[in-house]
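J.: 3D model of this:
(chains A and B)
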Number of protein chains: 2
Amino acid sequence: MSDPIFLRPLTAPDADRGEAVEFGPDKALALDCGRTLTNWRLAYKTYGKLNAARSNAILICHALTGDQFVASAHPVTGKPGWWETMVGPGKPVDTDRFFVIGSNVLGGCMGSSGPASTDPATGKPYGLDFPLITIRDMVRAQTFLIDHLGIDRLMCVMGGSMGGMQALQWTVSHPERVVAAMPIACAARHSAQNIAFHEVGRQAIMADPEWHGGAYYEHGTQPSKGLAVARMAAHITYLSEPALQRKFGRNLQNAGGISFAFAPDFQVESYLHHQGSAFVDRFDANSYLYITRATDYFDIAADYGGVLAEAFRGCKTRFCLISFTSDWLYPTFENKRIAHALNAAAANVSFVEIESDRGHDAFLLNEPQMFATVRGFITAAAASEGVAG
Amino acid sequence: MSDPIFLRPLTAPDADRGEAVEFGPDKALALDCGRTLTNWRLAYKTYGKLNAARSNAILICHALTGDQFVASAHPVTGKPGWWETMVGPGKPVDTDRFFVIGSNVLGGCMGSSGPASTDPATGKPYGLDFPLITIRDMVRAQTFLIDHLGIDRLMCVMGGSMGGMQALQWTVSHPERVVAAMPIACAARHSAQNIAFHEVGRQAIMADPEWHGGAYYEHGTQPSKGLAVARMAAHITYLSEPALQRKFGRNLQNAGGISFAFAPDFQVESYLHHQGSAFVDRFDANSYLYITRATDYFDIAADYGGVLAEAFRGCKTRFCLISFTSDWLYPTFENKRIAHALNAAAANVSFVEIESDRGHDAFLLNEPQMFATVRGFITAAAASEGVAG
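T.: Sure, this is the predicted structure:
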């Protein structure tokens, strides 16, 4: 199968690209949509060492546009791993003690099977022939990887945003395999506003004539403008209004004043443009369609008669939930809803709301209270499993 | 000059299109950008009768995509006027007592000069050769209309959103001509987040190849897809998260369940699509660029050393400000900022925050407390001017 990483210019040619595991027909992946992937692959990267008891594994699930490069340089951009502040030697998720696994989600574009991968049936990129996927499918795919790595139970599954959704789904679909779970800045379902913003992004991509109905690979092009607009719209939702005001306010690009033209006059405009153009250099537009759709479909309670608590009935996993006060994408009340459901299911749960004006993206930033919470929770989970300190 | 209204299919051919006034070289309009319009026009519509003392005029300023059809059918869509709940016989703004003027803003596309108008210098549509405009320019243009109608002082200037910005600007630029002002759900400046959302919309339009650098008129086309995406993104900001959740939640289009495809599965997606497609039938994409830019440039305090109160120093206008609790586009704190500045300038101001979960668009909806506030304030303004009851 093709590896989309190699289709792009690499600014860091010597970077560690991690590993990938291919699953053949004996490891067919049955999807929620009813289709089955019979030749598929997951790309992953590990940090630290698995102990002899195989009891110190932590799975880090990534957000919408994240990847397996949690704590090492991104092979395309050359930038540091997206959670290097959280994961590494001596960090809150301490790779001197734990075996950390980052895995590119099914549907992604960093080596796992997705719409940019080659369809074995045609020898061409899937495009829109790739099956629609769900968060549950992503998690199901990860169980194959965990099996492949010889791990029976994960000491912890954690992640922010869509990563938190996967962590929650693990505890619902495979509770016996998860000792502890840390869903951060997430929700148990996508709200109408969440869906609406995603649909704007999808429409921006599909409106771009370079999208070619999803078959742009064959045209040697990509819907860069549409994808950039999608990213810009989404990026606003990742930041709080106060943070934008503090960071940019009405600051101008040029001290000379406004230009009376449509080029960026305000620094916030240039910042958004940069976010848009940097994104198209590293992300596949169809993957963006598939992964946003997966999150829109996410609604854990839906499978339990609309009663979220029922999803967690009998679950022995130990939970720690974290939300941020200024996160308006997945606000505190959505996280509290999960905490209430876990309490109603008599699960073991703690919940921390962290004061921050940085909006949803706070989970990716230097938030000392988050780090302290994660360190404490993971230390307790390790102790409960008898993992050496 | 061309009239963009007539370039479009009319679903209500017999509808009243209002009037327009042409200003020749003797009424040149000097703009903030340094350019001057020497042949320009404003389209307007009036309701009720001007009294003998010419003291009962109320100017209604419209929002971003509004127009002069405040209280009568829109000639393109055939839909009721955008503020028929507020303006009409016996309504809070009572056309049995007051002479109400609705005017399409400079830069608009319902008959006033804008980028779709014919450039007298070339005989072709202006496109991007139309000068960039500001809220102050819009207000300056309105003073010519008010002069044309023989009105010295307006009993009231009012409007919501960008209409409220114009009302504020009137009291700063021409305080002696405004007895009372009602800025509703607005701000004295555009925030970084406001600018960011507008820039996403502009980029969506300019990314559409049918935009042709703004010269699409000559290609017999328009950037419909880009404009629809822009409208969809903006529309989300007009509604509150709770209202979206209450109205749509995760309700599906088809009772059969999700489709595992990219067509709209959720009702909120179909609703947004409808908002986008209905908009492109009635609005000019370049006008959208110009008018959003004008609001981004809006910052009253900037001309007064950053001190908003200085803008209102000595102003004798009587103010009433209204905000809505769930409006996150122009939140209550932005409206309070205006109230504080007016108080600091010793102006006559009252401020009402109305409890509503309908977000920014509440000002267009059936909000009894807003109606009662408007009725009371206008009655008091009329009494102060000795307008007969």
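J.: What is the end-to-end distance of stretch A:155-175?
T.: Separation of the first and last residues of stretch A:155-175 by C-alpha to C-alpha, to the nearest Å is 12 Å.
J.: do the same with stretch A:315-335
T.: Stretch A:315-335 stretches 18 Å from its first residue to its last (C-alpha to C-alpha).
J.: Buried residues, that stretch. List them.
T.: A:315, A:317-324, A:326-332, A:334-335 (16 or more other C-beta atoms under 10 Å in any protein chain shown). No exception for glycine: its C-beta is placed from N, CA and C like everyone else's.
J.: which parts of the stretch 51-200 of chain A sit against chain B?
T.: The interface of the stretch 51-200 of chain A toward chain B, taken as C-beta under 8 Å from any C-beta of the partner chain, is made up of A:128, A:131-132, A:189-193, A:195-197, A:199-200.
J.: which among these gets closest to A:Glu19?
T.: The shortest distance between A:Glu19 and any of these, using C-beta to C-beta, involves A:Pro131 and amounts to 24.2 Å.
J.: Which residue ranges make up the domains of chain A?
T.: Chain A breaks down into these domains under automatic domain parsing: A:4-191+A:299-385, A:194-292.
J.: circling back: farthest-apart pair in the residues of the stretch 51-200 of chain A next to chain B, please.
T.: A:Pro131 and A:Gln193 (27.0 Å).
J.: Strands along the stretch 151-300 of chain A, start to end?
T.: In chain order, the stretch 151-300 of chain A shows strands spanning A:154-160, A:178-184, with DSSP state E, counting those that start in this stretch as the criterion.
J.: Figure out which of the ones you listed is closest to B:Trp83.
T.: Go through the strands of the stretch 151-300 of chain A one by one with C-beta to C-beta and the one that ends up closest to B:Trp83 is strand A:154-160, at 43.7 Å.
J.: which residues in chain A form helices?
T.: Listed in chain order, the helices found in chain A under DSSP state H are A:135-148, A:162-173, A:192-207, A:224-238, A:241-247, A:267-280, A:285-297, A:308-311, A:332-344, A:368-385.
J.: pLDDT below threshold where in the stretch 1-150 of chain A?
T.: Counting by pLDDT under 70, the stretch 1-150 of chain A has low-confidence residues at A:1-14.
J.: how about the strands of it, start to end?
T.: Read by DSSP E, counting those that start in this stretch, the stretch 1-150 of chain A holds these strands, from start to end of the chain: A:19-23, A:29-30, A:36-37, A:40-47, A:57-61, A:87-88, A:93-94, A:99-103.
J.: ok, and which of these has the densest surroundings?
T.: Highest mean neighbour count of the strands of the stretch 1-150 of chain A: strand A:57-61, a mean of 28 (counted as mean count of other C-beta atoms under 10 Å in any protein chain shown).
J.: Could you find the closest non-adjacent residue to A:Leu342?
T.: A:Val349 (4.1 Å; C-beta to C-beta, 6 or more residues apart in numbering or on different chains).
J.: okay but the one you found is in contact with A:His340, surely?
T.: No. When contacts are counted by C-beta atoms under 8 Å, A:Val349 is not listed as touching A:His340 (9.4 Å).
J.: picking up where we left off before, export the helices of chain A to TSV and append columns for distance to B:Phe144.
T.: As requested, these are exported to TSV (distance: least, C-beta to C-beta, whole Å):
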stretch	distance to B:Phe144
helix A:135-148	59
helix A:162-173	54
helix A:192-207	38
helix A:224-238	37
helix A:241-247	36
helix A:267-280	32
helix A:285-297	48
helix A:308-311	60
helix A:332-344	50
helix A:368-385	58
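J.: For stretch A:266-283, give me every contacting residue.
T.: Outside stretch A:266-283, the residues that touch it by C-beta atoms under 8 Å, 6 or more residues apart in numbering or on different chains are A:8-9, A:65, A:74, A:76-77, A:109, A:222, A:224, A:227-229, A:231-232, A:235-236, A:244, A:247-248, A:250-253, A:264, B:192, B:195-196, B:199-200, B:203, B:296.
J.: what is the rounded mean pLDDT of that stretch?
T.: Here the mean pLDDT over stretch A:266-283 is 97, rounded to a whole number.
J.: now, which of the buried residues of stretch A:315-335 lie within strands?
T.: Within these, membership in strands is found for A:318-324, as judged by DSSP state E.
J.: what about stretch A:175-190, how long is it end to end?
T.: Start-to-end span of stretch A:175-190 (C-alpha to C-alpha) is 22 Å.
J.: For that stretch, what does the pLDDT average out to?
T.: Averaged across stretch A:175-190, the pLDDT comes to 98.
J.: tell me which residues in that stretch are buried?
T.: For stretch A:175-190, burial by neighbour count (16+ other C-beta under 10 Å) applies to A:175, A:177-190.
J.: if we can go back for a sec, dump the domains of chain A into TSV; add distance to B:Gly376 as well.
T.: Compiled in TSV, the domains of chain A are given as follows (distance: least, C-beta to C-beta, whole Å):
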stretch	distance to B:Gly376
domain A:4-191+A:299-385	34
domain A:194-292	32
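J.: The most centrally placed residue in chain A: what's it in contact with?
T.: Centroid-nearest residue in chain A: A:Ala63, 1.6 Å away (criterion: C-alpha atoms, centre = their mean). Under the criterion of C-beta under 8 Å, 6+ apart, the contact partners of A:Ala63 comprise A:159-163.
J.: That one: what's its closest spatial neighbour, skipping adjacent residues?
T.: That would be A:Ser161: by C-beta to C-beta, 6+ apart, it lies 3.8 Å from A:Ala63.
J.: what's the distance between A:Gly123 and A:Glu218?
T.: Spatial separation of A:Gly123 from A:Glu218 under the definition C-beta to C-beta, to the nearest Å is 12 Å.
J.: next one: A:Leu42
T.: 25 Å.
J.: close enough to count as contact, A:Met158 and A:Gln166?
T.: No. Under the criterion of C-beta under 8 Å, A:Met158 lies out of contact with A:Gln166, with a separation of 9.4 Å.
J.: quick one: common contacting residues for those two?
T.: With C-beta under 8 Å, 6+ apart applied, the overlap between the contact sets of A:Met158 and A:Gln166 consists of A:Cys61.
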